[in-house]
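Engineer: coords below, sequence missing:
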């Protein structure tokens, strides 16, 4: 392109270079602002759809994607479940181990929650990105499912995990794995944990007579007799994602990339709030927040019914 | 402190004399009095001071009863080379506890959960567009912890950011309430936090009347949430006034 002497092409060349640099910069910003690379048109399409109550997959603002539950998917653990909401796919497992209760709470067992965002689900989960998200999800689930310090509003009754007070208790390890991620991970994980808990069988334990007052009582764990958990108190989590002036439930990852903030609220059967967490830094007006709570409460009833019937049919299928 | 009362043995001898002393569980029934004698809806006296650390671009010290927190802000300074280009600034938050902050000697390590919460509470208030390609570091250290640390850290951090001259939409004030069956108790101390049925923490920008962060644990009915939020928002407004007057004082001092 150097052959022209009038310099016009040269200038054009320069302009083209500048243009390319600008494009690269734009792409970099795009890559930073959202995991999902969306063009301006696509973003407008999503935002416009939400404003008109017709989302890109044909749903209304407050409709969930189809939800399916499979229980007993992992044989090595006490209880497990796989929940799929649209393209989001998660597995939760519950493992019970005998341990010693803490000195501060001798009449209660322990529950630990660990979440894992595998980088096979999304390249963005590799390394620190996945760790951060996993920590955020575990915290939110802990908030929403385990209740207050005194145990009020907890989905799991910790005192039911005691075998011998102050000496032996069950430790529940609840692990969640994100297999495939297409938004709304928190709701899916919450549902999977609820399903896994109803699938959980805790072996019956017999304390050997005469050793009850010893420092280390002898216990006999039955292999064929299991006790079921009462999971009617485990709440469901409903996440409302705010995009523009409206909020939606069960956002896909494309919709999540357009959110300003998201509020996750968990409700139990009685319609009581068991926990709230907020994501996204943008502020919310208190009146909008209260509005979101009442909408979420309404949605949670439907989700709870749907989930309960799915769990029941999954259990029936497993037995047959 | 406990050693001063009664007959103190002259020499220290490790014995099991204290084992039956802590047998009294606090009864949170209708007519209990809060351990520090406050009314249910009364906050601890708040004390703020800016300019606690000389090396920092801005810093603040806060004291709510026995909860003592120091926050320093460094930057804006160039983001690490490994970071991708960004046309808005970055915020990096870190909360740590001293080993002697808690009654049981702690590890003194970083508190990841609080760090993440602090970040989420502040990012909505800072105008990140004003310092592209750079990072602002917010380091909080809890010197002594006796309940409601996170709200104190957040309020103190926003004051430190203001002291550093970082552009913000508004100061961020934060208050928590504990729920005991029917009662709501504002600004709980650790003893109350350990026995609470539920907790609600709000961080907000009072002048804009916007909630930047909110966490609820335990079981709440909807009217109870309303009541708790209103209580917190009122308290945040009052707290922000104290923080503002602290900034004004610092500004007028430096002019003289």
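Structural biologist: Noted; the coordinates are in hand. Keep in mind it's a predicted model, so treat the numbers as computed, not measured.
Engineer: Assign a three-state SS to the most centrally placed residue in chain B, would you?
Structural biologist: Computing the C-alpha centroid of chain B and ranking residues by CA atoms, centre = their mean puts residue B:152 first, at 1.8 Å. When classified by DSSP: H, G, I helix; E, B strand; the rest coil, residue B:152 comes out as helix.
Engineer: ok, it to residue B:65 distance?
Structural biologist: Using CB to CB, to the nearest Å, one gets 9 Å for the distance from residue B:152 to residue B:65. Using the backbone N, CA and C atoms, a C-beta is placed for each residue, glycine as well.
Engineer: cool, and residue A:108?
Structural biologist: Per CB to CB, residue A:108 is found 29 Å from residue B:65.
Engineer: was I right about the residue nearest to the centre of chain B contacting residue B:67?
Structural biologist: Yes. Under the criterion of CB atoms under 8 Å, residue B:152 makes contact with residue B:67 at 5.2 Å.
Engineer: list the contacts for residue B:199?
Structural biologist: A:148, A:149, B:176, B:177, B:178, B:179, B:188, B:193, B:215, B:216, B:217, B:218 (CB atoms under 8 Å, 6 or more residues apart in numbering or on different chains).
Engineer: For it, pull up the helix or strand it's in.
Structural biologist: Assigned by DSSP states H and E, residue B:199 belongs to strand B:198-205.
Engineer: Tell me how far that strand lies from the chain's centre.
Structural biologist: Here strand B:198-205 shows a centroid-to-chain-centroid distance of 11 Å under the convention CA atoms, centre = their mean, to the nearest Å.
Engineer: counting contacts, what elements does whichever helix or strand comes after that strand pack onto?
Structural biologist: Toward the C-terminus, strand B:198-205 is succeeded by strand B:210-220 as the next helix or strand (DSSP H and E). Packing partners of strand B:210-220 (3 or more CB pairs under 8 Å, 6 or more residues apart in numbering or on different chains; DSSP states H and E): helix A:128-145, strand A:273-279, helix A:286-319, helix B:112-123, strand B:173-180, strand B:198-205.
Engineer: which other residues reach stretch A:127-135?
Structural biologist: Identification of contacts with stretch A:127-135 by CB under 8 Å, 6+ apart yields A:114, A:115, A:116, A:117, A:118, A:119, A:124, A:125, A:185, B:112, B:113, B:116.
Engineer: Put the buried members of those residues into a ChimeraX selection.
Structural biologist: Remark: buried members of the contacts of stretch A:127-135, expressed as a ChimeraX selection using 16 or more other CB atoms under 10 Å in any protein chain shown:
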select /A:115,116,117,125,185 /B:116
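Engineer: Was I right to think residue B:207 contacts residue B:240?
Structural biologist: Yes. Counting by CB under 8 Å, residue B:240 is a contact partner of residue B:207 at 7.3 Å.
Engineer: if you count what's nearby, which of the two comes out ahead?
Structural biologist: Using other CB atoms under 10 Å in any protein chain shown as the criterion, residue B:207 and residue B:240 rank with residue B:240 on top: 21 against 12.
Engineer: So that one is in contact with residue B:174, correct?
Structural biologist: No. Between residue B:240 and residue B:174 there is no contact under CB under 8 Å: 10.0 Å.
Engineer: picking up where we left off before, residues in contact with the residue nearest to the centre of chain B?
Structural biologist: With contact taken as CB under 8 Å, 6+ apart, residue B:152 is in contact with B:62, B:64, B:67, B:69, B:174.
Engineer: if you set the cut-off to 7 Å instead, what comes out?
Structural biologist: The contact partners of residue B:152, by CB atoms under 7 Å, 6 or more residues apart in numbering or on different chains, come to B:62, B:64, B:67, B:69.
Engineer: and which of these is nearest to chain A?
Structural biologist: Closest approach between these and chain A, by CB to the nearest CB: residue B:67, at 17.4 Å.
Engineer: helix/strand/coil for the spatially closest residue to residue A:163 that is not a sequence neighbour?
Structural biologist: Spatial nearest neighbour of residue A:163, excluding adjacent residues (CB to CB, 6 or more residues apart in numbering or on different chains): residue A:205 at 5.2 Å. When classified by three-state DSSP, residue A:205 comes out as strand.
Engineer: ok, what's across the strand from residue A:205?
Structural biologist: Beta bridges link residue A:205 to residue A:221 when assigned by DSSP bridges.
Engineer: What's the local residue count around it?
Structural biologist: 16.
Engineer: Relative to chain B, how far out is the residue nearest the centre of chain A?
Structural biologist: In chain A, the residue lying closest to the centroid (CA atoms, centre = their mean) is residue A:186, at 2.0 Å. Residue A:186 sits 14 Å away from chain B when distances are taken as CB to the nearest CB, to the nearest Å.
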